[in-house]
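Peer 1: Sequence isn't available, so here's the structure alone:
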Ligand code: 9WO
């Protein structure tokens, strides 16, 4: 899969993507990352990428022309299966299923804005979608683009060591993760639950599912409303509720 990021801070994206899972996927050639600076697509002496907003108000807005030209350049080696996405708080909320769909693309062009935003006509004409990480504002789209790249890359075949890990993660089944423990068995008065030391794999799996259901019920009841539970899951959740009482 190919990622292209359009940003006034290409080194920020390039550098951060070298770390960890995304870095390894780039080294292994599973993913290619190109960064593009709209400043390289300006034609004036000062390499102007922003201008004052029509209607007045604080700050600056990114100009249409450099963004349009840089997106055209990123698309040039064009793959049919490509999307252009602008990252902003006005976008569609990002979910695991949106990431999973996007992992089927051959190219994803991510546009990271800065300042107070970008000319609306670029969003209308050049972007296919607008995605949001959540209802908060950060100083630019770069960190959002990196999150999208990370979230998609770990879903690609041969990226995670254990082929199952990405599928077993929190949210892949619409539930929060069960609690994890490692050595030592006892920290002050805090013991690891007995069942995890029992070696009874069926019992461990039931306990983990019960914890995942229970924690989702406690912390994110909105997620449970999206799901239909099996009879077994209903039974485990009922058991969890009795145990917390
Ligand atoms: C800045 C600002 C300053 C004064 C008055 C209004 C203002 N709006 C903004 C603003 O929203 N700036 C954005 C910064 C412009 C586009 C890129 N930026 C951005 C993207 N901030 N937060 C995101 C983002 C992206 C994805 N998911 C969550 C947040």
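Peer 2: Nice, thanks for sending it over. Every value quoted in this text rests on a predicted model; they were computed, and no experiment measured them.
Peer 1: mind checking the end-to-end distance for stretch 166-184?
Peer 2: 27 Å (C-alpha to C-alpha, to the nearest Å).
Peer 1: mean confidence score for that stretch?
Peer 2: Taken as a whole, stretch 166-184 has a mean pLDDT of 87.
Peer 1: So for it, what gets flagged as buried?
Peer 2: By neighbour count on 16 or more other C-beta atoms under 10 Å, the buried set for stretch 166-184 is 166, 174, 175, 176, 178. (C-beta placed from N, C-alpha, C; glycine too.)
Peer 1: go on, stretch 99-116?
Peer 2: Using 16+ other C-beta under 10 Å as the test for burial, stretch 99-116 gives 99, 102-103, 105, 107-115.
Peer 1: which residue sits closest to residue 89, ignoring its sequence neighbours?
Peer 2: residue 132 (5.3 Å; C-beta to C-beta, 6 or more residues apart in numbering).
Peer 1: Paired strands for the longest strand seen in the chain, with orientation please.
Peer 2: Longest strand in the chain by number of residues, with DSSP state E as the criterion: strand 82-93. Strand 82-93 has the following strand partners under DSSP bridges: strand 107-112 (parallel), strand 129-132 (parallel).
Peer 1: where do the strands sit along the chain?
Peer 2: Using DSSP E, strands in the chain cover 2-6, 32-36, 50-51, 61-62, 82-93, 107-112, 129-132, 186-187, 190-191.
Peer 1: Distance to residue 244 for the ones you listed - can I get that in CSV?
Peer 2: Below are the strands of the chain laid out as CSV (distance: least, C-beta to C-beta, whole Å):
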stretch, distance to residue 244
strand 2-6, 43
strand 32-36, 45
strand 50-51, 54
strand 61-62, 51
strand 82-93, 30
strand 107-112, 42
strand 129-132, 34
strand 186-187, 22
strand 190-191, 17
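Peer 1: could I get these as JSON lines with distance to the ligand?
Peer 2: Putting the strands of the chain into JSON lines (distance: least, C-beta to the nearest ligand atom, whole Å) gives the following:
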{"stretch": "strand 2-6", "distance to the ligand": "12"}
{"stretch": "strand 32-36", "distance to the ligand": "16"}
{"stretch": "strand 50-51", "distance to the ligand": "11"}
{"stretch": "strand 61-62", "distance to the ligand": "8"}
{"stretch": "strand 82-93", "distance to the ligand": "4"}
{"stretch": "strand 107-112", "distance to the ligand": "7"}
{"stretch": "strand 129-132", "distance to the ligand": "4"}
{"stretch": "strand 186-187", "distance to the ligand": "37"}
{"stretch": "strand 190-191", "distance to the ligand": "37"}
